[in-house]
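Visitor: One predicted model, sequence on top.
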Amino acid sequence: MESSIQNKLTGMGVALVTPFKQDDSIDFDALGRLVDYQIQNKADYLVVLGTTAETPSLTAEEKKEIVDFVKRRVNGQLPIVLGCGGNCTANVVKELQHADFSGIDAILSVTPYYNKPSQEGLYQHYKAIAEATELPIILYNVPGRTGVNMTEETTLRLARDFSNIVAVKEASGNITQMNNIIKHKPKDFMVICGDDGIAYPLMTLGAVGVISVIGNAFPKEFSRMVRLALNGDYENALTIHHRFTDMFDLLFVDGNPAGVKCILHAMGYIENKLRLPLVPTRITTYEKIREVLMNLSIKC
């Protein structure tokens, strides 16, 4: 399993947005176009129902419809990672034990949010998850959203104790912490960057790639940067990284996924629609994004 899942999770994964129509319903036509766009432009895998998908605002029925739709559309052409996490351990375990995970290659499970558990609480949470499924599990550390940082010691402890905990998506922004995980991790354990803006430097330290937001809009260009870096061609990878520096800043100035949805709308792929409590970017941000797109020679 180890070599197979390593191959599947190396490179650029794309954290898919959920397109909405103006009446707040899911725009499955737009979602299909986005999935096709990722396949055609060489994304390495897709992440469904992550943060970028506005998952907290989706109903259980809508989540199932999205997963079923993406699986049908992908039809085995790309690996699929499914977001499955929460701040109630028992509910996550129940979902892992009873839901249909056919066609899913791995689970991305965020640290419990709002509760602010201790490091031992985080360990016991993931221990219960690991024991509830045989699926490969990617830990997801994003303290800016959850309110708690999973330390390198806890991540490494989990990596050593459970064979199906195969990776961590690190979005702490703490390069020292990330580097220490890479330095001391078990051989087959993977560190995946969770921030587009630091994907390049983290890959020079040994990360295996990135779960990307900007990849929704620029899968061809950003996946090429990732592959160049992973192949040791740091000079050409850095050129692409620097090309997108201004866009990295604009992506998150009004929150995620408002920035990337604004980009996709300017490119003609989706409606510029989010579900409350999220709202679209400010008009000033939208105009700046259009300007950067023009400078990138991207059609808008």
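Guide: All right, it came through fine.
Visitor: which residues of this structure fall in helices?
Guide: Here the chain has its helices, by DSSP state H, at 2-9, 28-40, 60-74, 89-98, 119-132, 143-146, 152-161, 175-184, 199-205, 219-230, 234-243, 245-252, 258-266, 283-295.
Visitor: could you give the angle of the last one to helix 258-266?
Guide: Just to be clear, that refers to helix 283-295. Relative orientation of helix 283-295 and helix 258-266, computed by axes from the mean of the first three to the mean of the last three CA atoms, to 10 degrees: 60 degrees.
Visitor: Name the residues that touch helix 283-295?
Guide: Identification of contacts with helix 283-295 by CB atoms under 8 Å, 6 or more residues apart in numbering yields 246-247, 250, 253-254, 259, 262-263, 266-267, 272, 280-281, 300. In short, each C-beta sits where N, CA and C put it, glycine included.
Visitor: So among these, where is pLDDT lowest?
Guide: Here the lowest pLDDT out of the contacts of helix 283-295 sits on Cys300, with 38.
Visitor: PyMOL command for the buried members of the contacts of helix 283-295?
Guide: Entered in PyMOL, the line below selects the buried ones among these, by 16 or more other CB atoms under 10 Å:
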select buried, resi 247+250+254+259+262+263+266+267+272+280+281
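Visitor: Glu65 - nearest residue in space that isn't next to it in sequence?
Guide: Excluding the flanking residues, the one nearest Glu65 by CB to CB, 6 or more residues apart in numbering is Ile26, at 7.1 Å.
Visitor: show me what contacts the one you found?
Guide: Ile26 touches Thr18, Pro19, Phe20, Glu62, Glu65, Ile66, counting by CB under 8 Å, 6+ apart.
Visitor: do the same with Tyr234
Guide: With CB under 8 Å, 6+ apart, Tyr234 has these contacts: Thr204, Leu228.
Visitor: ok, it to Leu228 distance?
Guide: Going from Tyr234 to Leu228 by CB to CB, to the nearest Å gives 8 Å.
Visitor: Below-threshold pLDDT in this structure: ranges please.
Guide: Applying pLDDT under 70 to the chain flags residues 1-3, 297-300.
Visitor: end to end, how far does stretch 224-237 reach?
Guide: One end of stretch 224-237 to the other measures 8 Å (CA to CA, to the nearest Å).
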